[in-house]
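Q: model the following, please.
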Amino acid sequence: MRLSLLLFLTTVTTLLTMISSSSIARTSAGHREHTRRPIVTGTSVLGLKYKGGVMLAADTLASYGSMAKYKNARRLVEVDKVLLGAGGEYSDFQAIQDLLKANALEEECMSGLHDRHRSNARETWNYLRAVMYNRRNKMNPLWNDLVVAGRDAEGKTFLGWVDKIGTTFEEDMIATGFGSYLAIPLLRERYRDDLDEGEARALLEDCMRILFYRDCRALNRIQIAKVSEDT
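A: Next up, the predicted model:
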């Protein structure tokens with residue numbers, strides 16, 4: 001009797017273990033992963049309109065927490081004649097680049113059937129607004145603040161901002177991250193509509209210098225990119 005009871009308990013225990021393992025396997029196979037917080041991040045991106053063009057600046061540091069992990073992370077890129085800068089999660093920025101490049105490639109491949117339509121900066125800005133808002137509604141945002149620069153359909157200079165929940169605005173000067181606190185006051189003080197390219201570059205360099213002194217996630221190696229009348 002004691003042996004039969006022991007055998008019965010062993011069988012029940014084995015069966016429960018198998019059911020539990022199967023349930024865990026199904027859960028791990030079918031679960032969905034969402035990005036809860038940014039991991040490897042970049043900091044400020046600055047943007048400025050000047051006479052005949054628009055210019056962006058950002059450093060090249062990607063931080064893992066308080067560790068300066070990657071010192072050559074380029075956060076200013078050009079996709080289909082549009083400049084794009086990003087602060088926040090670097091892998092999400094790479095995903096956004098891949099998405100825009102795939103769209104440009106599809107348009108290029110379809111150009112044999114109709115006239116090639118090249119996206120302008122305003123169209124890209126509006127498209128990214130929809131992308132960010134869509135991901136926000138899925139509770140899986142792309143953790144970036146984006147700066148879009150270039151020319152609109154009328155050939156005018158354009159500078160716009162998009163955040164991770166799809167909020168947008170246009171301005172003559174833009175800063176993300178710590179730059180929105182430390183660089184914007186200097187930009188407002190020294191900005192003029194008739195700034196030439198040299199003055200705009202000097203102003204952005206001064207702002208990046210201040211950020212390097214005050215922001216512990218900043219680096220003294222920077223990128224500067226522009227869209228001018230001859231580009």
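Q: specify the local secondary structure of the nearest residue to residue 170 once chain neighbours are set aside.
A: Distances taken as C-beta to C-beta, 6 or more residues apart in numbering place residue 160 nearest to residue 170, at 4.8 Å, with adjacent residues excluded. (Glycine included, C-beta is placed from N, CA and C.) With DSSP: H, G, I helix; E, B strand; the rest coil as the basis, residue 160 sits in strand.
Q: what's opposite residue 160 in the beta bridge?
A: When assigned by DSSP bridges, residue 160 has beta-bridge partners residue 148, residue 170.
Q: since we're on it, how many residues are nearby?
A: Residues near residue 160, counting by other C-beta atoms under 10 Å, number 23.
Q: now do the contacts for it.
A: Neighbour list for residue 160: 121, 122, 125, 147, 148, 149, 168, 169, 170, 171, 174 [criterion: C-beta atoms under 8 Å, 6 or more residues apart in numbering].
Q: now do residue 50
A: Shown in contact with residue 50 (C-beta under 8 Å, 6+ apart): 195, 196, 197, 199, 200.
Q: all helices for the protein, in order.
A: Listed in chain order, the helices of the chain (DSSP state H) span 2-30, 90-109, 121-137, 179-182, 184-190, 197-214.
Q: need phi/psi at the residue lying closest to residue 95 once chain neighbours are set aside.
A: Residue nearest to residue 95 in three dimensions, not counting chain neighbours: residue 142, with 6.8 Å by C-beta to C-beta, 6+ apart. The phi and psi values for residue 142, taken as degrees, to the nearest 10, are phi -90, psi 120.
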